[in-house]
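S.K.: next comes the sequence, and after it the predicted model I'd like to discuss.
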Amino acid sequence: MPRDRSADLLNDILAFIDRIESWTPPNPTTEAGVDEKTLYAVLHALQYIGEAVSRLPVEVTNLAPQVPWQKIKAMRNLIAHDYAGIEAAVVWQTVEHRLPELRIAIEGILKRLP
């Protein structure tokens, strides 16, 4: 299993999760103050997360089968290619609920890499 490259990608994902969390209010779905620049910054970071996920080898993603890896890649493609179809509510749902779950999974994978 290619630890160095995978570990770098996983750490990149964690860094983007950190950035997103620092940019968004604790409950973005009900926060009226989320501005357009924040939304675009979050979308860009989610796109990077999806790209990093797409580069992870299957041996690594198999270490966390509960993670919807294909959905993460699909969200990246949606952001990159169908930006008009993006719903802010879905983005904030992802930020609030899915990113904390992804963080836990990524941290667990990093502990299991040789």
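M.R.: Sure, I can see it.

S.K.: which neighbouring elements make contact with the worst-scoring helix or strand of the chain on mean pLDDT?
M.R.: Lowest on mean pLDDT, DSSP states H and E among the helices and strands of the chain sits helix 88-93, with a mean of 88. With contacts taken as 3 or more C-beta pairs under 8 Å, 6 or more residues apart in numbering; DSSP states H and E, helix 88-93 sits against helix 36-54. Backbone N, C-alpha and C define where each C-beta goes, glycine included.

S.K.: need the pLDDT of the residue nearest to the spatial centre of the chain.
M.R.: Residue closest to the average C-alpha location in the chain (C-alpha atoms, centre = their mean): residue 49, at 4.4 Å. Listed pLDDT for residue 49 reads 98.

S.K.: distance of it relative to residue 114?
M.R.: From residue 49 across to residue 114, the span is 24 Å (C-beta to C-beta, to the nearest Å).

S.K.: count of neighbours near residue 64?
M.R.: 16 (other C-beta atoms under 10 Å).

S.K.: tell me how far it lies from residue 39.
M.R.: 28 Å.

S.K.: and the longest helix for this protein?
M.R.: helix 3-23 (DSSP state H).

S.K.: which strands or helices does it pack on?
M.R.: Using 3+ C-beta pairs under 8 Å, 6+ apart: helix 3-23 touches helix 36-54, helix 99-112.

S.K.: list the contacts of that helix.
M.R.: By C-beta atoms under 8 Å, 6 or more residues apart in numbering, the list of residues contacting helix 3-23 from outside reads 38, 41-42, 45-46, 48-49, 52-53, 55-57, 60, 95, 99, 102-103, 106-107, 109-110, 113-114.
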